[in-house]
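In: just coords:
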DNA sequence: ATGCATAATTTCGTATACGATTTTGTATTG
DNA sequence: CAATACAAAATCGTATACGAAATTATGCAT
């Protein structure tokens, strides 16, 4: 990777992006200690902007921070995973329902094409690619979302899941197949102009079904609350 | 106000809390320019921790920040207000529905008492106190919320509304009365163990009705999207 | 007076330095 | 050997300093 654009963005901004990217790529895995001076050296900046970047990432839930001790990449224990998936179920449901009236036939076609590629991934068992396509699929649905705040919440949820994003598909074999079918069902609802409530519930269910599949694998979890369906 | 605890918390932490408090109290009103050095002097710290605090507040949506120009207290233009209210409608709806099964008779009684005090506020027309009690009411509902992420989203929404929080009640006379009645209705739904979907819709409606009342007053707004009911 | 170029001022952005705090390592003692 | 006490190292937290960028003020020409 080249040293890239030396100008135009501030160093704290570059540090923020770089660290975030490293976390999301998995270069810095959960629990990794983010030492200010060390990261600064890696990025060719001093500790001050790194510290600022890290605290911003803390506010997004990507790192945890302890006074006089330092920062570590936030790890997603099962309980946090549950909270995040449940929250995503709600905000994705809302985002889908709000977007639906604005999704045209061309968008549906595009989403369907992505979904077909996901279907192919199932044959070769490629969880990484599958996960990336999955995100593309939902991005197509949400790109017309009329409420940027809600979209932001969706992205924050995705970020928080981070590198775990594909784990359910990896560990719960059948789920990926179901997921593709649910995508198709959601597209049909949008095409036929189903009412917002129906679409919202389908989108919610799509996410919470993934959570349920995970919980079925990890029965030790608190199962703290009945999901909203 | 005394100089207070000189130890135990870091300066960046104190700056963060102090600035946030000033924004929420209205000492720094929307649009106010947050000059690093000036605020640092006010708080008795240098610019570095102030900058860090401000960027954290930016991540929460309380201030806006522009490269090489500085930070200003985020102002809530009508469109942002709409986005935020719509988002709140959704997350408060979910928070209420998730909390409902965990709300006991004692909590309901407490909430009802708060609501009665709100009813009294209507007679003396005290929007500030009314708004504070309104928040108390919802805090009672949410204090058992099993998903802290969702609760966090509710609080972020409240913070974003900031000083505008009471404006609807101030400007749309009838709305406050309606609001009190809706509170009572929600309490009854919780008491009688209504299903999650019913409770969620009532809570959503409670918030989006306030938004509708506001939009009716400001008809110039884009009315960008049909609400989720 | 108006518009533009340029200088002065303000404010940001970050490297450096150093004290404060925590962690780690080592030695001493029961 | 385990536990405690203390020393050394690592790391954080922030004040200070100074260059960079943007904003504001000034002066000149039309």
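Out: Received it, and whenever you're ready, just let me know what you need. All figures in this text were calculated on a predicted structure; none of them were measured in a lab. Numbers count the residues shown, from 1 in each chain, chains lettered A, B, ... in the order given.

In: Could you pull out the helices in chain A for me?
Out: Taking DSSP state H to define them, one finds helices in chain A at A:11-25, A:36-43, A:47-59, A:78-99, A:105-124, A:127-142, A:148-161, A:167-171, A:173-191, A:196-217.

In: Single out the most deeply packed of those helices.
Out: helix A:78-99 (a mean of 24; mean count of other C-beta atoms under 10 Å in any protein chain shown). Any C-beta I mention is one placed from the backbone N, CA and C, and that applies to glycine too.

In: Quick check: mean pLDDT of that one?
Out: The pLDDT scores in helix A:78-99 average 94.

In: go on, stretch A:41-58?
Out: According to the model, stretch A:41-58 has a mean pLDDT of 96.

In: Off-centre distance for that stretch?
Out: 23 Å (C-alpha atoms, centre = their mean, to the nearest Å).

In: What of stretch A:27-39?
Out: 21 Å.

In: does any bit of that stretch sit next to chain B?
Out: No. Figure legend: stretch A:27-39 not in contact with chain B (C-beta under 8 Å from any C-beta of the partner chain); closest approach 12.2 Å.

In: Flag every residue of chain A that's near DNA strand D.
Out: Counting by C-beta under 7 Å from any atom of the strand, chain A comes close to DNA strand D at A:7, A:34-38, A:47-48, A:51, A:67-71.

In: ok, 6 Å please
Out: Neighbours of DNA strand D within chain A, by C-beta under 6 Å from any atom of the strand: A:35, A:36, A:37, A:47, A:48, A:51, A:67, A:68, A:69, A:70.

In: you'd agree the first one is up against residue A:69?
Out: Translated: residue A:35. No. Applying C-beta atoms under 8 Å as the test, residue A:35 and residue A:69 come out as separate, 10.8 Å apart.

In: Next one, pLDDT for the residue nearest the centre of chain A please.
Out: For chain A, residue A:158 is the residue whose C-alpha lies nearest the centre (C-alpha atoms, centre = their mean; 1.6 Å). pLDDT, residue A:158: 91.

In: and it, how far is that from residue A:61?
Out: Distance of residue A:158 to residue A:61, given as C-beta to C-beta, to the nearest Å: 11 Å.

In: Over to residue A:152?
Out: The value you get for residue A:152 to residue A:61, if C-beta to C-beta is used, is 13 Å.

In: In terms of residue numbering, what are the domains of chain A?
Out: A:11-73, A:78-217 (automatic domain parsing).

In: For DNA strand C, find the nearest of those.
Out: domain A:11-73 (2.5 Å; C-beta to the nearest atom of the strand).

In: That closest one and DNA strand C, any residue contact?
Out: Yes. Counting by C-beta under 6 Å from any atom of the strand, DNA strand C has neighbours in domain A:11-73: A:11, A:12, A:45, A:46, A:47, A:48, A:49, A:68, A:69.

In: could you redo those residues as TSV and give each row distance to chain B?
Out: Listed next are the residues of domain A:11-73 next to DNA strand C as TSV, based on distance: C-beta to the nearest C-beta, whole Å:
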residue	distance to chain B
A:11	11
A:12	8
A:45	15
A:46	11
A:47	11
A:48	7
A:49	10
A:68	8
A:69	12
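
In: Residue A:19 and residue A:39 touch, don't they?
Out: Yes. The pair residue A:19 / residue A:39 is scored as a contact, 6.7 Å apart, by C-beta under 8 Å.

In: shared neighbours, these two?
Out: Common contact partners of residue A:19 and residue A:39 (C-beta atoms under 8 Å, 6 or more residues apart in numbering or on different chains): residue A:50.

In: Which one's more surrounded, residue A:35 and residue A:69?
Out: Neighbour totals were compared for residue A:35 and residue A:69, and residue A:35 leads with 15 against 8 (other C-beta atoms under 10 Å in any protein chain shown).

In: Now for chain A, the helix or strand with the poorest mean pLDDT.
Out: Using mean pLDDT, DSSP states H and E, helix A:167-171 stands out as the lowest-scoring helix or strand of chain A, at a mean of 65.
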